[in-house]
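# Need coordinates for the below:
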Amino acid sequence: LVLFFKKLFALLLSAGQFLYFVITDSGSQRNYYIHNLQDSIEEKKQFIKSLPLISKILLIVVVVSILIFAITLKLNQRQEVIQKETQQISELLQAIGDKKDAADASIIYGNTGKALELLKEAEALIDELPQEDEDQIAHAQELRSGLDQSISQLRKIEKPEMQVLATITTPDGHQLSSLQKIVETLLVFDENSELYYRVNAVTGEVEQKDQTAAKSLVSATTAKENDITVFLSADNSVSVYNPSNQSVSAVEIGYPNPNPDIVSLAIYNRNLYSLDPINNQIYKHTQTQSGYAQGEVWIASQGVVIDNAVSLAIDGSIYVLESTGKISQFTKGVQDQFNLSGVDPELTGAKQLWTYSDVDQLYILEPTNKRLVITDKK
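This is a model prediction of the structure:
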């Protein structure tokens, strides 16, 4: 080893010296070193030529043997890799099949949440399969198609037939923001102006109206009795639409916190409830002659966090929807256990929630995926 490293060091030193003089031509010695290299190569050639025939044959045999050994070693390594990949593919296919069978069994027994979880896991395993040629791609697509049928069954997606009821022409730069149905009239408000539109829900006839009470609308709610619609503006003020005289008028309202950020309203038993996520609170407002009274703090549970809330709905209990799709339930101000599951794809950018005491479902509007998600309250 000492001799080997000594010779290796000398070789590297010689090579470095050669490169230095060839590159820099220091002392005009470039040609000298080039000629030395040529002489050395010629000397090695003459040495090989002068070898006896038996030595040449042995040298060729050694070189060929080394090449054969190297090639064989490489082929063995490649074969091991192929066997390992084949085994991994086989294990993946077995796992996909097992999860698909388990999901089908869960569907039979009504455990849709578990079935969806298993199918999603199987779908992720398909993505791990190699898809480098047409056969592999076709096989993966075939497996994915089989899973999609089961997933579609669990998603329970219905695509209703739709038709245009009315077309509203707005001034340039104006955007419609709020839609409410009261009796047989649709109220459509302009987000940035004093215009609003009354649309006949049967004929689709459109009337443009002016009002000065409600501006920069962020939310609205209609009483079950269909006698008022309450609109919320960005400055936390409210206004009321009266269908008997088709007028919009501002009304009084107050909040217990000095800096509320109200995002949603709901009417229940003539009381108005307002959602203030920045203060993690809901306020209850009783109806008065001039509008609504100062709100009372309604959530009694400690440590409630609903700072991403966007909407609330009431059926006796209050449900609070967050933009992430999370729903919290409160009864008499105390938070209940409520876990929404089985929605696929998961809710993102949920916008509005609705229910009532005589309705068994929650309705969740999600513009991101253009869906109305309907779920049992239980």
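# Quick one: the strands in the stretch 101-250 of the chain, in order.
Secondary structure of the stretch 101-250 of the chain (DSSP state E, counting those that start in this stretch): strands located at 176-182, 185-190, 195-200, 206-210, 217-222, 229-233, 238-242, 247-254.
# how about the ones you listed in a markdown table, adding mean pLDDT and mean neighbour count?
Glycine gets a C-beta too; all of them are placed from N, C-alpha and C. A markdown table is the format used below for these (pLDDT from 0 to 100; neighbours: other C-beta atoms under 10 Å):
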| stretch | mean pLDDT | mean neighbour count |
| --- | --- | --- |
| strand 176-182 | 87 | 16 |
| strand 185-190 | 89 | 21 |
| strand 195-200 | 90 | 18 |
| strand 206-210 | 90 | 13 |
| strand 217-222 | 88 | 21 |
| strand 229-233 | 92 | 23 |
| strand 238-242 | 93 | 21 |
| strand 247-254 | 93 | 17 |
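# Show me the one of those strands that comes nearest residue 319.
strand 217-222 (13.7 Å; C-beta to C-beta).
# got the angle between that closest one and strand 195-200?
Direction vectors for strand 217-222 and strand 195-200, defined by axes from the mean of the first three to the mean of the last three C-alpha atoms, to 10 degrees, enclose an angle of 30 degrees.
# Okay, helices next: where are they in the protein?
In the chain, the helices defined using DSSP state H lie at 2-24, 30-50, 53-108, 112-128, 134-155.
# mind checking which of these is nearest residue 177?
The stretch from the helices of the chain with the least distance to residue 177 (C-beta to C-beta) is helix 134-155; that distance is 29.9 Å.
# Can you list the buried residues in the closest one?
Judged by neighbour count using 16 or more other C-beta atoms under 10 Å, the buried positions of helix 134-155 are 139-140, 143-144, 146-147, 150-151, 154-155.
# Quick one, which of the strands of the stretch 101-250 of the chain gets closest to residue 9.
With C-beta to C-beta, the closest approach to residue 9 among the strands of the stretch 101-250 of the chain belongs to strand 217-222: 79.8 Å.
# for the closest one, packing partners?
Here strand 217-222 touches strand 176-182, strand 185-190, strand 229-233, strand 264-268, going by 3 or more C-beta pairs under 8 Å, 6 or more residues apart in numbering; DSSP states H and E.
# Now render those as CSV, adding distance to residue 251.
CSV is the format used below for the helices and strands packed on strand 217-222 (distance: least, C-beta to C-beta, whole Å):
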stretch, distance to residue 251
strand 176-182, 16
strand 185-190, 16
strand 229-233, 8
strand 264-268, 12
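# To residue 26, which of the ones you listed lies closest?
It's strand 176-182; of the helices and strands packed on strand 217-222, that one is closest to residue 26 (C-beta to C-beta) at 81.5 Å.
# That closest one pairs with which strands, parallel or anti?
Using DSSP bridges, the neighbouring strands of strand 176-182 in the sheet come out as strand 185-190 (antiparallel).
# any idea of the angle the partner strand forms with strand 238-242?
For strand 185-190 against strand 238-242, the angle between stretch directions is 150 degrees (the same axes, to 10 degrees).
# quick revisit: can you redo the strands of the stretch 101-250 of the chain as a markdown table with distance to residue 24?
Rendered in a markdown table, the data for these read as follows (distance: least, C-beta to C-beta, whole Å):
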| stretch | distance to residue 24 |
| --- | --- |
| strand 176-182 | 77 |
| strand 185-190 | 81 |
| strand 195-200 | 84 |
| strand 206-210 | 88 |
| strand 217-222 | 77 |
| strand 229-233 | 82 |
| strand 238-242 | 87 |
| strand 247-254 | 89 |
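# hmm, back to that, of all the helices and strands packed on strand 217-222, which one is nearest residue 204?
strand 185-190 (9.3 Å).
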